[in-house]
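In: Just need the structure, nothing else, for what follows:
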Amino acid sequence: GKATRRVPAHMPHLIDARRMRELQRRFPEPWRATASHRFRSGKDVQYAFAYFHYVMETFDAADPDVRELWRRELDGDGDGELDGNEVLTLAAMAIGKEPDDEAVDRLYECASRRRRLPYIRGLLAPATGRAARWSRPGRVVTLRSLEKCDEARDGLLRH
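Out: Residues are numbered from 1 along each chain as shown. Next comes the predicted model:
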């Protein structure tokens, strides 16, 4: 369909030969026409452009899993809770771009819950800067609380 598509960077590219053959079999005429030209033409298929957009549009990997994203991308220190910086990472991944404070606040309120166990001050180094805003002693984001927040969960799986 019609969509704005960016051109891949001028650099070496890894091409999956199986996927490229699949692309050329699915759209044979533009590839035949390109191959028939002795010199480059403005109507030639751009190899890297066609390949990368074909791969992105037909992506067939297994659906991402929130638990795997939590383990690999979100809970960086492995403590089972997101600190302020990890909450910022969650928001950026769920929104698909750098979030403003209002968007992070909205996701934090949705994805966090009240802390059940007493918070012991000084046990962890306190968050500083922007991240401190989402490191509240009385609230915590856990995998379980994150899974209950539709906006965060669906955003993670979409982006």
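
In: Count the residues that sit near Y108.
Out: Here the count is done by other C-beta atoms under 10 Å, and Y108 has 23 residues near it. Bear in mind the C-beta positions are built from the backbone N, C-alpha and C, glycine included.

In: tell me the average confidence for the helix or strand where it lies?
Out: Counting by DSSP states H and E, the element that carries Y108 is helix 101-111. In this model, helix 101-111 has a mean pLDDT of 94.

In: Show me the strands in this protein, by range?
Out: Here the chain has its strands, by DSSP state E, at 112-114, 139-141.

In: show me what contacts A94?
Out: 107, 151-152, 155-156, 159 (C-beta atoms under 8 Å, 6 or more residues apart in numbering).

In: so, if you compare those, which one comes nearest to R136?
Out: Compare each of the contacts of A94 with R136 using C-beta to C-beta and the shortest gap goes to L107, at 14.0 Å.

In: Count the residues that sit near the closest one.
Out: The criterion is other C-beta under 10 Å. On that basis, L107 has 24 neighbouring residues.

In: Quick check: it touching A91?
Out: Yes: between L107 and A91 there is a contact under C-beta atoms under 8 Å: 5.0 Å.

In: who touches both of those two?
Out: P99.

In: Count the neighbours of the residue lying closest to L143 once chain neighbours are set aside for me.
Out: Take L143 and drop its neighbours on the chain: the residue closest to it by C-beta to C-beta, 6 or more residues apart in numbering is W70, 4.9 Å away. Each residue near W70 was counted by other C-beta under 10 Å, and the total is 20.

In: G78 now?
Out: That count, for G78 with other C-beta under 10 Å as the rule, works out to 7.

In: Next one: it from L88, what distance?
Out: For G78, the distance to L88 under the criterion C-beta to C-beta, to the nearest Å works out to 18 Å.

In: The residue of the chain positioned farthest from its centre and F49, how far apart?
Out: No residue in the chain sits farther from the centre than R38, which is 41.5 Å out by C-alpha atoms, centre = their mean. Taking C-beta to C-beta as the measure, R38 and F49 are separated by 21 Å.

In: Alright, calling it a day.
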